[in-house]
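>>> here is my input, please return the structure:
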Amino acid sequence: MSRGPRALFGVPAPAKLNWFLHVLGRRADGMHELQTVFQFIDWCDELDFELRDDGLISREGGPGLPEDDLCVRAARLLQSRAGCAQGVHMRLRKRIPAQAGLGGGSSDAATVLLALNLLWGLGLRRAELQQLGARLGADVPVFVFGQDAFAEGVGEQLRALRLPQWDMLVAWPGEGLSTPQVFASPLLTRDTPACTMEGFCEHLKTGLGGKSPETAADARTMRELLGFGANDLQAAALELLPSLRGLQDWLARQGGASGGNAVRMSGSGSAMFTPWSGRSDGGDAGEGFAGDVPPGWSVRACRSLPEHPLRHWAPD
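Numbers count the residues shown, from 1 in each chain. Predicted coordinates:
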């Protein structure tokens, strides 16, 4: 076990989007068999880490968070797994809304695993950290994995993808949705036929007209690419949270399109996104695009990330 730095400041924890989310069926353990595509975006929480020599784990920031939140649980799990005598004090600056389907809590937990692996000098490999992440939540492994991914199982079976870079508007209506409640909805279909990663990649290739996936895609191209599949949770979410219909219509107008694949929900909601032709600088609502934002909403102009900003913090 080698000694790492004593502090890390401003460590990012990015949000994710789901291009589609298919529910194939319910497993014997009550979990759902899923297929999805994950992509990271530049809407980020931030964390600071300072080494403690007394072995204690503490966290501040994020009003309303429980004492035993995912950050604390991730730190304790890693400490126990590695038999580490060091502790840490963490400061969390929340920017990603909770219960938005953007993976904020899962991303925070993954950043804790990656940062403390470095801070405590543990040297655990990425696969080990992903296994620990899976014990914390189904979305945690992809943030440790660090690449755009085609996911199966409950979201933990990951294969790397190369997705285009694109601008988008991401909006949250000021209200969250409970993931268990969405999955329990009678409106949720659980029989979507399985697709293949190869089929998705062929759709991607056709939509990009043979261009490299790393090239930037404009809003029109992205609307076509998002035509692959659907978010099977969206109908249930719209019924549970009627304000989402207004959010969906507002985003469609901002994106310069209506209906079809103009707007998609991420995860189990309640955030939605649409391709956008304006400049994306990660600004807050009102920066870089015209139009009034309804009170209580959180809207950001975002851009996809080529990879997780901590992609190289753990050895493969």
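>>> and the longest helix for this structure?
Using DSSP state H to define each element, the chain has its longest helix at helix 104-119.
>>> tell me the first helix or strand C-terminal of that helix.
helix 126-136 (DSSP states H and E).
>>> helix 104-119 and that next one, what's the angle between them?
140 degrees (axes from the mean of the first three to the mean of the last three CA atoms, to 10 degrees).
>>> what's the following helix or strand after helix 126-136?
Counting by DSSP H and E, what follows helix 126-136 is helix 140-145.
>>> packing partners for that following helix?
strand 7-26, helix 104-119, helix 126-136, strand 157-160 (3 or more CB pairs under 8 Å, 6 or more residues apart in numbering; DSSP states H and E). Just so you know, the C-beta spots here come from the backbone N, C-alpha and C atoms, and that holds for glycine as well.
>>> go again using 10 Å as the cut-off
strand 7-26, strand 32-52, helix 104-119, helix 126-136, strand 149-153, strand 157-160 (3 or more CB pairs under 10 Å, 6 or more residues apart in numbering; DSSP states H and E).
>>> any chance of the ones you listed in CSV, plus distance to residue 224?
Listed next are the helices and strands packed on helix 140-145 as CSV, based on distance: least, CB to CB, whole Å:
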stretch, distance to residue 224
strand 7-26, 12
strand 32-52, 15
helix 104-119, 28
helix 126-136, 32
strand 149-153, 19
strand 157-160, 23
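>>> out of these, deepest packed?
Here the criterion is mean neighbour count by mean count of other CB atoms under 10 Å, and of the helices and strands packed on helix 140-145 the winner is helix 104-119, at a mean of 27.
>>> what's the longest helix of the chain packed up against?
strand 7-26, strand 32-52, strand 57-60, helix 70-82, strand 87-93, helix 126-136, helix 140-145.
>>> among the helices and strands packed on helix 140-145, which comes closest to residue 247?
strand 7-26 (15.2 Å; CB to CB).
>>> mind exporting the longest helix of the chain as CSV, just the C-alpha atoms?
What follows is helix 104-119, C-alpha atoms only, in CSV (Å, rounded to 0.1, in the frame of the first residue of the first chain):
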residue,chain,number,x,y,z
GLY,A,104,-25.9,12.2,-9.2
GLY,A,105,-25.7,10.1,-6.1
SER,A,106,-24.2,7.1,-7.9
SER,A,107,-21.6,9.4,-9.6
ASP,A,108,-20.7,10.9,-6.2
ALA,A,109,-20.1,7.4,-4.8
ALA,A,110,-18.0,6.4,-7.8
THR,A,111,-15.9,9.5,-7.4
VAL,A,112,-15.4,8.7,-3.7
LEU,A,113,-14.1,5.2,-4.7
LEU,A,114,-11.8,6.5,-7.3
ALA,A,115,-10.5,9.4,-5.2
LEU,A,116,-9.9,7.4,-2.0
ASN,A,117,-8.2,4.6,-3.9
LEU,A,118,-5.7,7.3,-4.9
LEU,A,119,-5.7,9.3,-1.6
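>>> between the helices and strands packed on helix 104-119, which one is nearest to residue 244?
Using CB to CB, those put strand 7-26 closest to residue 244, at 15.2 Å.
>>> and the closest one, C-alpha only, in CSV?
The C-alpha trace of strand 7-26 is given here as CSV (Å, rounded to 0.1, in the frame of the first residue of the first chain):
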residue,chain,number,x,y,z
ALA,A,7,-5.8,16.1,-0.1
LEU,A,8,-7.7,16.4,-3.4
PHE,A,9,-9.9,19.4,-4.2
GLY,A,10,-12.6,20.1,-6.8
VAL,A,11,-12.9,16.5,-7.9
PRO,A,12,-15.8,16.2,-10.4
ALA,A,13,-18.7,13.7,-10.4
PRO,A,14,-20.5,14.1,-13.7
ALA,A,15,-24.1,13.3,-14.5
LYS,A,16,-25.1,10.7,-17.1
LEU,A,17,-27.9,10.4,-19.7
ASN,A,18,-29.6,7.3,-21.0
TRP,A,19,-30.0,7.3,-24.7
PHE,A,20,-32.7,4.6,-24.3
LEU,A,21,-33.8,2.4,-21.4
HIS,A,22,-35.4,-0.9,-22.2
VAL,A,23,-37.1,-3.2,-19.6
LEU,A,24,-36.9,-6.7,-20.9
GLY,A,25,-38.5,-8.5,-17.9
ARG,A,26,-38.5,-9.1,-14.2
